[in-house]
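S.K.: Give me a 3D structure for the following:
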Amino acid sequence: MELLSMIYGFIVFLRNKLFDLNILKSKKVDRVKVICIGNIVAGGTGKTPAVQYFVNEYLKKNMKVGILSRGYKGKRKTDLLLVRDEKKIYCTSKESGDEAFFHAENFKVPVVVSKDRYKGAKFLKENCSVEVIIMDDGFQHRKLLKDENIVLIDATNPFGNNKFLPKGRLRESIDSLNRADEIIITKSNYVEKKEILKILEKIKKYEKKVFFAVFESDYFYKLNFENDEKFGKINSENNKNFENKKNKISKNIIKNKNILIFSSIANPATFYKTIKNLAPKNVDEIKFSDHHLYSSEDFAEIQKKSKNYDFIVTTEKDAVKIHKNIENLIVLKMKFDLKKDF
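M.R.: Now for the predicted structure:
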């Protein structure tokens with residue numbers, strides 16, 4: 001494992017050096033602003049809520065926004081896929097990947113997935129006439145030239161145990177923060193201040209603007225599968241998440257209750273802690289691998305266990321992959337806020 005991490009680290013170093021020396025070229029898409037929300041570790045830093053925060057910020061400025069994602073683990077026939085435009089969603093979460101579909105459910109803006117981010121950005125500009133592209137991940141994808149690189153650092157595990165993949169979680173060297181335009185320390189409310197100070201001390205040499213993100217529970221909502229005949233293929237008039245977020249359920253509903261949670265996210269510990277902070281009587285957990293595609297057997301297992309609990313709770317990213325009614329299931333809506341101090 002150590003040897004594999006060393007080989008991985010060397011390959012990443014060499015590739016970055018080739019871009020730095022302009023031997024490998026970055027390409028710019030003209031007349032569009034590209035903002036990348038990325039990280040230097042593998043998963044779990046809070047990119048998805050950060051992307052949605054910045055989409056909202058630019059929508060408030062009345063700018064035409066598009067979202068670009070790799071579409072990780074999406075099972076699609078062609079690589080570049082238009083997930084949605086301003087009118088409707090064109091595919092399933094299985095095709096697009098859970099993150100991209102989650103964005104499509106939450107915003108009536110163009111969403112494109114493409115492993116080739118330059119190709120995807122060009123499509124958004126030429127076919128959707130967007131003014132701003134928010135990239136969900138892609139700090140390591142240097143073929144596309146970005147106007148702004150916003151790098152997230154997870155306060156609960158900031159530097160991936162200081163080891164490259166696969167032994168640790170580092171996708172590239174911490175020194176790659178030199179390429180960042182600003183840094184956001186996420187989940188800053190999940191650790192003590194002394195942990196934040198340690199992170200600040202480690203990154204101060206890069207002389208970047210630093211912000212702090214608070215990530216906390218907002219409310220619960222239920223899923224509705226009425227008239228949802230085909231899993232995931234939902235237009236803007238019949239969207240199980242759009243509609244049900246209007247019917248907010250108080251966070252207090254799980255207080256002193258027996259709760260079962262399940263998720264397929266990179267950092268389930270944060271989800272568990274968030275639920276624990278809402279003071280249930282008891283919390284049990286089912287963990288699936290990151291971006292897991294739920295099977296009928298998985299739903300059967302969850303449904304069987306649900307009879308022993310007052311509520312079953314999952315995340316919004318998991319909710320887009322649920323195509324069966326699960327008794328007593330509620331979805332946790334989180335909120336993401338930026339602060340200049342901690």
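
S.K.: which residues touch residue 272?
M.R.: Listed by C-beta atoms under 8 Å, 6 or more residues apart in numbering, the contact partners of residue 272 are 261, 283, 285. Heads up, the C-betas are built off the backbone N, CA and C, glycines and all.

S.K.: Just the buried residues of the helix or strand hosting it, please?
M.R.: Per DSSP states H and E: residue 272 is located in helix 268-276. For helix 268-276, the neighbour count (16 or more other C-beta atoms under 10 Å) marks 268, 270-271, 274-275 as buried.

S.K.: now, among the residues you listed, which is nearest to residue 337?
M.R.: Checking the buried residues of helix 268-276 against residue 337 with C-beta to C-beta, the nearest one is residue 274 at 14.6 Å.

S.K.: tell me which strands and helices the helix or strand in which residue 57 is found is in contact with?
M.R.: Using DSSP H and E, residue 57 falls within helix 47-60. When contacts are defined as 3 or more C-beta pairs under 8 Å, 6 or more residues apart in numbering; DSSP states H and E, helix 47-60 sits against strand 33-39, strand 65-69, helix 98-106, strand 132-136, strand 148-154, strand 329-339.

S.K.: again, only this time at 7 Å
M.R.: In terms of contacts (3 or more C-beta pairs under 7 Å, 6 or more residues apart in numbering; DSSP states H and E), helix 47-60 is packed against strand 33-39, strand 65-69, helix 98-106, strand 132-136, strand 329-339.

S.K.: Quick check: residue 5 touching residue 163?
M.R.: Yes - using C-beta atoms under 7 Å, residue 5 is in contact with residue 163, at 5.6 Å.

S.K.: Just the strands from the stretch 51-200 of the chain, written as ranges.
M.R.: All strands of the stretch 51-200 of the chain, identified by DSSP state E, counting those that start in this stretch, fall at 65-69, 81-84, 111-113, 132-136, 148-154, 182-186.

S.K.: can you tell which of these is closest to residue 45?
M.R.: strand 148-154 (4.2 Å).

S.K.: can you give me the mean pLDDT across the longest strand seen in the chain?
M.R.: Across the chain, the longest stretch assigned as strand under DSSP state E is strand 209-221. Strand 209-221 carries an average pLDDT of 95.

S.K.: so that strand versus helix 47-60, what angle?
M.R.: 100 degrees (axes from the mean of the first three to the mean of the last three C-alpha atoms, to 10 degrees).

S.K.: counting contacts, what elements does strand 209-221 pack onto?
M.R.: Where contact means 3+ C-beta pairs under 7 Å, 6+ apart, strand 209-221 is packed against strand 182-186, strand 329-339.

S.K.: Now those in JSON lines, please, with extra columns for distance to residue 11 and mean neighbour count.
M.R.: Listed next are those as JSON lines, based on distance: least, C-beta to C-beta, whole Å; neighbours: other C-beta atoms under 10 Å:
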{"stretch": "strand 182-186", "distance to residue 11": "25", "mean neighbour count": "22"}
{"stretch": "strand 329-339", "distance to residue 11": "33", "mean neighbour count": "18"}
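
S.K.: looking at those, which is closest to residue 54?
M.R.: Closest approach to residue 54 among the helices and strands packed on strand 209-221 is made by strand 329-339 (9.4 Å; C-beta to C-beta).

S.K.: Quick one: distance of the closest one to the chain centre.
M.R.: Relative to its chain's centre, strand 329-339 lies at 12 Å (C-alpha atoms, centre = their mean, to the nearest Å).

S.K.: Now do that strand against strand 209-221, angle only.
M.R.: Calculated by the same axes, to 10 degrees, strand 329-339 forms an angle of 160 degrees with strand 209-221.

S.K.: What is the neighbour count of residue 289?
M.R.: Using other C-beta atoms under 10 Å, residue 289 has 9 neighbouring residues.

S.K.: Just confirm it contacts residue 263, I think it does.
M.R.: No - at 10.4 Å, residue 289 does not count as touching residue 263 under the criterion of C-beta under 7 Å.

S.K.: coming back round to it: let's see the longest strand of the chain as CSV, backbone CA atoms only.
M.R.: Presented in CSV, the C-alpha positions along strand 209-221 are these (Å, rounded to 0.1, in the frame of the first residue of the first chain):
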residue,chain,number,x,y,z
LYS,A,209,-7.9,34.1,1.6
VAL,A,210,-9.5,31.7,4.1
PHE,A,211,-13.2,31.4,4.9
PHE,A,212,-15.1,29.1,7.2
ALA,A,213,-18.2,27.0,6.4
VAL,A,214,-20.8,26.0,9.0
PHE,A,215,-22.6,22.9,8.0
GLU,A,216,-25.7,22.1,10.0
SER,A,217,-29.2,20.6,10.0
ASP,A,218,-32.1,22.6,8.6
TYR,A,219,-35.2,20.4,8.5
PHE,A,220,-36.6,17.1,7.4
TYR,A,221,-39.0,16.3,4.5
